[in-house]
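A.B. asks: I'll drop the sequence and a predicted model, then ask my questions.
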Amino acid sequence: MTARLEEPPRVVAPPTTRWASTSGKTPSVGAIARTTVLIVGAIIVVAPLVWAGLSSFKSQAELAAQPPTLYPHDFTFDNYTTGLAAFDFPRYLLNSTIVTVAATLLTLLINSMAAYALAKYNFRGRDLLFLITLSAIMIPLQVILLPIYQVVSSLGMTNSLLGLIIPPAATPTGVFLLRQYMLTLPDETIEAARIDGAGEFRIFWQVVLPLCRPALAVLAIFSVIWRWNDFLWPLIVAQDESVQTLPVAIARFAGQQAIPFSQILAVSVMSIIPVIIVFLILQRHIISGLVKGAVK
């Protein structure tokens, strides 16, 4: 007759409350404070955009009402239809799109080539050249605006899209960002490609650039924001209305006293939408590109 083994008693865990965290630890005061600060900061940043978007559907009388209202009582699309009729939005949108896309592609190409040379090549004066590049970040555009305009004017690129695309293509910020990221790439990968007989341009195009996609995405987002919102340089170079971009055209549109502010808000909201779409598409690359680029 065999002995019957008794099963050990089951230990039932006490029910957890809905306030318990998944790790079993209650959040600290510092974590709660940081979260609160981040939430408040996000609200402060997003609030003007939300107000502008909601106000673009208000009538002119409701927009000027005191105290101001958050939600439109009389929801209307007349601001968009009337604003588009009085404002040549498609032409300025096309100009801004061409300038932004072309300048961003040119920025990625030029800055990545300069960053690769400063990160993976050893030559005399490399550190001095990189120091000069960093020093250029501290120089505001207003200081070098006149000589740049003289160069552009001598080349006959005023009142043209080329004058808006080429001058701001090389940015020291982009060179710095890509160089710091390329320093994290292993030199063994590049040496292995050279041993296999790959040329320098092929190594740069097929080996280095694919590994730098997060940093390139971050720089692309920055470049799109810079070029899309640029006002001072297009205001000076593009005097002809046929080549003006959206920021300059909206400022000229707002200068007409007969135009209601509700229509200006509607046109401004439409000009913000493309930048938001680009950001939503490339946002997952921002953290990885910035964190990896800051390792060295």
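C.D. replies: Okay, I see it.

A.B. asks: Sticking with the nearest residue to Thr107 once chain neighbours are set aside, tell me its helix or strand.
C.D. replies: The shortest distance from Thr107 to any non-neighbouring residue, by C-beta to C-beta, 6 or more residues apart in numbering, is to Ser223 (4.7 Å). In this view, the C-beta of every residue, glycine as well, is placed from N, C-alpha and C. Using DSSP states H and E, the element containing Ser223 is helix 213-229.

A.B. asks: Quick check: buried residues in the helix or strand that comes right after that helix?
C.D. replies: Counting by DSSP H and E, the next helix or strand C-terminal to helix 213-229 is helix 232-237. Within helix 232-237, the residues scored as buried using 16 or more other C-beta atoms under 10 Å are 233-234, 236-237.

A.B. asks: For the next helix or strand after helix 232-237, buried residues please.
C.D. replies: Toward the C-terminus, helix 232-237 is succeeded by helix 246-254 as the next helix or strand (DSSP H and E). Neighbour counts over helix 246-254 (16+ other C-beta under 10 Å) mark 246-250, 253 as buried.

A.B. asks: returning to that earlier point: would you mind checking the average pLDDT for the helix holding Ser223?
C.D. replies: Averaged across helix 213-229, the pLDDT comes to 88.

A.B. asks: ok, back up a step: most widely separated two among the buried residues of helix 232-237?
C.D. replies: Farthest apart among these by C-beta to C-beta are Pro234 and Ile236. That separation is 7.5 Å.

A.B. asks: if we can go back for a sec, got the contact list for the residue nearest to Thr107?
C.D. replies: Counting by C-beta atoms under 8 Å, 6 or more residues apart in numbering, Ser223 makes contact with 100, 103-104, 107-108, 171, 174.

A.B. asks: try Ala238
C.D. replies: Ala238 is in contact with 159-160, 163-164, 244-245, 248, counting by C-beta under 8 Å, 6+ apart.

A.B. asks: follow-up on the earlier one: restrict the helix holding Ser223 to CA atoms and write it as CSV.
C.D. replies: Taking Å, rounded to 0.1, in the frame of the first residue of the first chain, the C-alpha atoms of helix 213-229 are listed here in CSV:
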residue,chain,number,x,y,z
ARG,A,213,19.0,56.7,-40.0
PRO,A,214,17.8,57.8,-36.5
ALA,A,215,20.2,60.8,-36.6
LEU,A,216,19.2,61.6,-40.1
ALA,A,217,15.5,61.5,-39.1
VAL,A,218,16.1,63.9,-36.2
LEU,A,219,18.0,66.3,-38.5
ALA,A,220,15.2,66.0,-41.1
ILE,A,221,12.6,67.0,-38.5
PHE,A,222,14.7,70.0,-37.4
SER,A,223,15.3,71.0,-41.0
VAL,A,224,11.6,70.8,-41.9
ILE,A,225,10.7,73.0,-39.0
TRP,A,226,13.5,75.5,-39.7
ARG,A,227,12.7,75.8,-43.4
TRP,A,228,8.9,75.7,-43.1
ASN,A,229,8.8,78.4,-40.4
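
A.B. asks: the inter-axis angle of that helix versus helix 246-254?
C.D. replies: On the basis of axes from the mean of the first three to the mean of the last three C-alpha atoms, to 10 degrees, helix 213-229 is oriented at 20 degrees to helix 246-254.

A.B. asks: Give the buried residues for helix 213-229.
C.D. replies: Across helix 213-229, burial judged by 16+ other C-beta under 10 Å covers 214-224, 226-228.

A.B. asks: Run through the helices of the stretch 1-150 of the chain in chain order.
C.D. replies: 29-55, 60-63, 78-86, 89-120, 126-137, 141-154 (DSSP state H, counting those that start in this stretch).

A.B. asks: Which elements pack onto the first one?
C.D. replies: This means helix 29-55. If you count contacts as 3 or more C-beta pairs under 8 Å, 6 or more residues apart in numbering; DSSP states H and E, helix 29-55 packs onto helix 261-282.

A.B. asks: which residues touch the helix it packs on?
C.D. replies: The contact list for helix 261-282 (C-beta under 8 Å, 6+ apart) reads 49, 52-53, 55-56, 58-60, 63-64, 79-80, 82-84, 86-87, 89, 93, 96-97, 217-218, 220-221, 224-225, 228-229, 246-247, 250, 253-254.
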